[in-house]
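Colleague: okay, predicted coordinates and the sequence, questions at the end:
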Amino acid sequence: MKLYHNPRCSKSRTALLLLQQREVFVDVRLYLTDGIDADEVVELTKKLGLHPSEFVRKNEPEYKALGTDEFSIEEWADIIERHPILLQRPIAVTDDRAVIGRPPEQVLTLL
């Protein structure tokens, strides 16, 4: 399982701990430091079954600076690639599905 993780986020830390306690191998993606590319965002859109405007952090200054959230999937993918802070966290991903770990226990639905 892949986990888009921010170690400074308590919900992200809790989700990772829940998976580790169940001995799930977790590929931790530190997307804030390593980045996330637009193709990954498009793939998350498919696996989450959500438009990117539904899995961005709307309280971030980068979001507010956009002035709107009326962008195509591809435009959002480029925006999130440039501003990974906008990506909601944590997001757990398997081969065919993904969930946002809010609450953190949501990640367990992928097991």
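Modeller: Perfect, thanks for sending it.
Colleague: quick one: pLDDT of Lys11?
Modeller: If you check Lys11, the pLDDT there is 97.
Colleague: next, it: phi, psi?
Modeller: Dihedral pair for Lys11: phi -70, psi -40, per degrees, to the nearest 10.
Colleague: that one: how many residues sit nearby?
Modeller: Lys11: 18 surrounding residues under other Cβ atoms under 10 Å. Where you see a C-beta, it was placed from the backbone N, CA and C, and this is true even at glycine.
Colleague: the residue nearest to it when sequence neighbours are not counted: what's it in contact with?
Modeller: Nearest residue to Lys11 in three dimensions, chain neighbours excluded: Pro104, at 5.1 Å (Cβ to Cβ, 6 or more residues apart in numbering). By Cβ atoms under 8 Å, 6 or more residues apart in numbering, the contact list for Pro104 reads Lys11, Ser12, Thr14, Ala15, Leu18, Pro90.
Colleague: adding distance to Lys46 and secondary structure, write the residues you listed out as a markdown table.
Modeller: Output for the contacts of Pro104, formatted as a markdown table (distance: Cβ to Cβ, whole Å; DSSP: H, G, I helix; E, B strand; the rest coil):
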| residue | distance to Lys46 | secondary structure |
| --- | --- | --- |
| Lys11 | 23 | helix |
| Ser12 | 22 | helix |
| Thr14 | 26 | helix |
| Ala15 | 21 | helix |
| Leu18 | 24 | helix |
| Pro90 | 18 | coil |
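Colleague: which of those lies closest to Glu75?
Modeller: Pro90 (24.1 Å; Cβ to Cβ).
Colleague: okay, and the beta partners of the residue nearest the centre of the chain?
Modeller: The centroid of the chain falls nearest to Ile91 when counting by Cα atoms, centre = their mean (4.0 Å). Beta-bridge pairing for Ile91 (DSSP bridges): Tyr4, Ile100.
Colleague: in the protein, mark out all the strands, start to finish.
Modeller: With strands called from DSSP state E, the chain shows them at 2-4, 27-29, 91-93, 98-100.
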